[in-house]
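Engineer: Generate coordinates for the sequence data below:
(one chain, ligands or ions: 2)
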Amino acid sequence: MDYISTRGEAKSLGFCDALLAGLARDGGLYVPRKWPHLTKKEIRALRGKSYQDIAFEVLYRFTGGEIEAGVFRAMIDEAYATFRHPAVAPLVQTGPNSFILELFHGTTLAFKDVAMQLLARLMDHALAQRGERATIVGATSGDTGGAAIDAFAGRARTDVFILFPHEKVSPVQQRQMTTSKAENVHAIAVKGNFDDCQNLVKAMFNDIDFRDRLKISGVNSINWARIMAQVVYYFTAAISLGSPDRKVSFTVPTGNFGDIFAGYVAKKMGLPIDKLVIATNENDILARTLKTGRYEMKGVSATTSPSMDIQISSNFERLLFEAYDRDDSAIRAAMESLKQSGGFEIKPAALKAIRKEFRAGRASEKQVAATIRDTLAETGYLLDPHTAVGVFVAQKFEKPSSPMVTLSTAHPAKFPAAVKSASGIDPALPAWLADLMDREERFDVLEAELKAVETFVDEHARREN
Ligand SMILES: Cc1ncc(COP(=O)(O)O)c(C=O)c1O
Ligand SMILES: N[C@@H](CCOP(=O)(O)O)C(=O)O
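Structural biologist: Numbering: from 1, shown residues only. Ligands and ions are numbered 1, 2, ... in the order given. Predicted coordinates for the structure are as follows:
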């Protein structure tokens, strides 16, 4: 198993090298050269197994045997022992054929914990094997940052620098990043939006001298291992609803396209998924792209689902690579056009391939609030605003014949103001986070300038092993 870059100019890497590299040196994203496959019989054999068992069966195929099986299994067990629900990612039925997949039972109450807890252990292992350390840089619109800081806090071989948009994340999200006492983690408020943060992270990767000197690595979904870990819950959910003998559709609240791309990977691996539905908030670049065939940036507005206030949707590049039958020159041209003119056209054959697998829809702010209110009234279930985007869009694509699973990507208590204003309910943080808002904050504020951020990272990264 080796990994190739979507832009075709970086050398292919084995699993651990791709894990530590994050972004490829040509600016592209790593994908496996060949998708591993599970037969229907193999999928059937996973029925009744635990989340951890299924995770091992699905994920070990991606490692190319570079990690010893028992060690890999122990990492899975340890990662998911941090979850507060025995099923890790339970399914809740809200209608005859409607289900919510709760992905927020981890330590920071967002779906990011599912991948991040495993990623931290994988990185630690790979670094220890090599006797190396890494400087991790990450961008967040609110949830990746908290999950990364929690998963990497106190780890000896990594320093973590998380860039978040100043004053544009929820107070709970901010405190999950700024109240860690661990010395190896640094929260940086950038005067800009999430796209600025993500561009700065990519620029640090593309500054080859800086990258090599500080051994830069990444924990955003540009890192293949993040996507890989997220594939598992598509399997667990579909299997518990009758897969592979029944097709299941998924609706995914989408921003950086990582979570839904993991669903696409599950399908490539043989899981019989019917449709994958992209749900966007008012920052609807992906819904517009599917409709018009043109990816066109037009500015980001602040919404009540801030983690999805994104327009440079990194993982869409991975999908384009597949839709163009892995023609890396088409990807280089599209990404160059995005850089030069803020958009690109998708060729008809590639667009057709995308439309075959995906549907897309958007939810306005009014629709999000109404969905939170109405779902509570009709089912007693309290949604967070990101999940509400998903539930609203899912309704348009539900069919009486097959189940529709909407991914619930965050706990409502991460966004109390929006939830209260829509439903009248003030969702409480769980007991272990009850004092979060009283904890002391520690963070730095920087301009959205590469020099300022690189200087900060350089000054604060530890170099000794
Ligand atoms: C709560 C929440 N929902 C949805 C998303 C969108 O996920 P993705 O960026 O993988 O599309 C994010 C951020 O990524 C998030 O934090
Ligand atoms: N919504 C994300 C944005 C970063 O996404 P990632 O999946 O690429 O890490 C966040 O909450 O930070």
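
Engineer: Next to ligand 1, which bits of the stretch 251-400 of the chain? Give me the list.
Structural biologist: Applying Cβ under 6 Å from any ligand atom, we find that the stretch 251-400 of the chain lies next to ligand 1 at 253, 254, 255, 256, 257, 258, 259, 307, 308, 386. (C-beta placed from N, C-alpha, C; glycine too.)

Engineer: Same question for the last one, what's its three-state structure.
Structural biologist: For residue 386, the reduced secondary structure class is helix; criterion used: DSSP: H, G, I helix; E, B strand; the rest coil.

Engineer: Could you report the distance from it to residue 418?
Structural biologist: Residue 386 sits 10 Å away from residue 418, going by Cβ to Cβ, to the nearest Å.

Engineer: Residue 397 now?
Structural biologist: Separation of residue 397 from residue 418 (Cβ to Cβ) stands at 24 Å.

Engineer: so how many other residues sit close to residue 85?
Structural biologist: Neighbourhood size, residue 85 [other Cβ atoms under 10 Å]: 13.

Engineer: so what's the residue nearest to it when sequence neighbours are not counted up against?
Structural biologist: Leaving out its chain neighbours, the residue that sits closest to residue 85 by Cβ to Cβ, 6 or more residues apart in numbering is residue 105, at 3.9 Å. Contacts for residue 105 (Cβ atoms under 8 Å, 6 or more residues apart in numbering) come out as 83, 84, 85, 88, 89, 90.

Engineer: if you set the cut-off to 6 Å instead, what comes out?
Structural biologist: Listed by Cβ atoms under 6 Å, 6 or more residues apart in numbering, the contact set of residue 105 reads 83, 84, 85.

Engineer: got it, and residue 56?
Structural biologist: The contact partners of residue 56, taken as Cβ under 6 Å, 6+ apart, are 73, 76.

Engineer: switch to 10 Å and redo it
Structural biologist: By Cβ atoms under 10 Å, 6 or more residues apart in numbering, residue 56 lies in contact with 49, 50, 69, 72, 73, 75, 76, 77, 232.

Engineer: can you count the residues close to the second one?
Structural biologist: Which is residue 50. Number of residues near residue 50 (other Cβ under 10 Å) recorded here: 15.

Engineer: residues touching it, list them.
Structural biologist: 56, 77, 80, 86, 87, 88, 236.

Engineer: what about the residue of the stretch 351-465 of the chain found nearest ligand 1, distance to residue 67?
Structural biologist: Ligand 1 sits closest to residue 409 of the stretch 351-465 of the chain, with a gap of 3.2 Å, by Cβ to the nearest ligand atom. For residue 409, the distance to residue 67 equals 28 Å [Cβ to Cβ].

Engineer: Give me the more crowded residue out of those two.
Structural biologist: Between residue 409 and residue 67, residue 409 has the larger neighbour count (other Cβ under 10 Å), namely 27 against 19.

Engineer: list the contacts for the more buried one?
Structural biologist: Here residue 409 is in contact with 101-104, 110-112, 143, 252-255, 259, 305, 307-308, 384, 386-387, 389-390 (Cβ under 10 Å, 6+ apart).

Engineer: which residue packs closest to it, ignoring adjacent ones?
Structural biologist: residue 111 (4.4 Å).

Engineer: swap in residue 201?
Structural biologist: Spatial nearest neighbour of residue 201, excluding adjacent residues (Cβ to Cβ, 6+ apart): residue 139 at 4.5 Å.

Engineer: how distant is stretch 147-165 from the center of its chain?
Structural biologist: Here the centre of stretch 147-165 is set off from its chain's centre by 16 Å, with Cα atoms, centre = their mean, to the nearest Å.

Engineer: what is the mean pLDDT for it?
Structural biologist: Average pLDDT, stretch 147-165: 97.

Engineer: That stretch near ligand 1 at all?
Structural biologist: No: Stretch 147-165 stays clear of ligand 1 (Cβ under 6 Å from any ligand atom), getting no nearer than 8.9 Å.

Engineer: In that stretch, which residues are buried?
Structural biologist: 147-153, 155, 157-165 (16 or more other Cβ atoms under 10 Å).

Engineer: repeat for stretch 339-354
Structural biologist: 344, 346, 347, 350, 351, 353, 354.

Engineer: end-to-end on it?
Structural biologist: Taking Cα to Cα, to the nearest Å, stretch 339-354 runs 22 Å from one end to the other.

Engineer: Residues touching that stretch, excluding its own?
Structural biologist: 27, 199, 264, 278, 285, 289-290, 292-299, 311-312, 316, 319-325, 327, 330-331, 333-338, 355, 360.

Engineer: May I see the buried residues of stretch 191-209?
Structural biologist: Neighbour-count burial for stretch 191-209, counted by 16+ other Cβ under 10 Å, picks out 192-202, 204-205.

Engineer: One more: stretch 448-465?
Structural biologist: For stretch 448-465, the neighbour count (16+ other Cβ under 10 Å) marks 448, 452, 453, 454, 456, 457, 461 as buried.

Engineer: go on, stretch 176-196?
Structural biologist: Across stretch 176-196, burial judged by 16+ other Cβ under 10 Å covers 176-180, 184-190, 192-196.

Engineer: before we move on, back to that, okay, the contacts of residue 105 in CSV with distance to residue 271 and secondary structure next?
Structural biologist: Below are the contacts of residue 105 laid out as CSV (distance: Cβ to Cβ, whole Å; DSSP: H, G, I helix; E, B strand; the rest coil):
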residue, distance to residue 271, secondary structure
83, 22, coil
84, 26, coil
85, 22, coil
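
Engineer: could you pick out which of those residues are near ligand 1?
Structural biologist: Okay, of those, nothing touches ligand 1 (Cβ under 6 Å from any ligand atom).

Engineer: Closest one of these to residue 373?
Structural biologist: Here the nearest of the contacts of residue 105 to residue 373, counting by Cβ to Cβ, is residue 85; it sits at 25.8 Å.

Engineer: Please identify which of the buried residues of stretch 339-354 is nearest to residue 222.
Structural biologist: Looking across those and measuring by Cβ to Cβ, the closest to residue 222 is residue 344, at 18.6 Å.

Engineer: and the next element down the chain from whichever strand or helix holds the closest one?
Structural biologist: Assigned by DSSP states H and E, residue 344 belongs to strand 343-345. The element immediately downstream of strand 343-345 (helix or strand, assigned by DSSP H and E) is helix 348-357.

Engineer: State the mean pLDDT of that next one.
Structural biologist: Here the average pLDDT along helix 348-357 is 98.

Engineer: so how far is that helix off the chain centroid?
Structural biologist: Distance of helix 348-357 from its chain centroid, counting by Cα atoms, centre = their mean, is 23 Å.

Engineer: Over to stretch 302-311?
Structural biologist: Using Cα atoms, centre = their mean, the offset of stretch 302-311 from its chain centre is 14 Å.

Engineer: Quick check: end-to-end length of it?
Structural biologist: Stretch 302-311 has its terminal residues 12 Å apart, counting by Cα to Cα.

Engineer: re earlier: got a PyMOL select line for the buried ones in the contacts of stretch 339-354?
Structural biologist: To isolate the buried ones among the contacts of stretch 339-354 in PyMOL, judged by 16+ other Cβ under 10 Å, type:
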select buried, resi 27+199+264+278+285+289+290+293+295+311+312+316+319+320+321+322+323+324+330+331+334+335+338+360
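
Engineer: Could you say which helix or strand holds the nearest residue to residue 460 once chain neighbours are set aside?
Structural biologist: Computed as Cβ to Cβ, 6+ apart, the closest residue to residue 460 that is not its neighbour in sequence is residue 186, at 5.8 Å. Per DSSP H and E, residue 186 falls inside strand 185-191.
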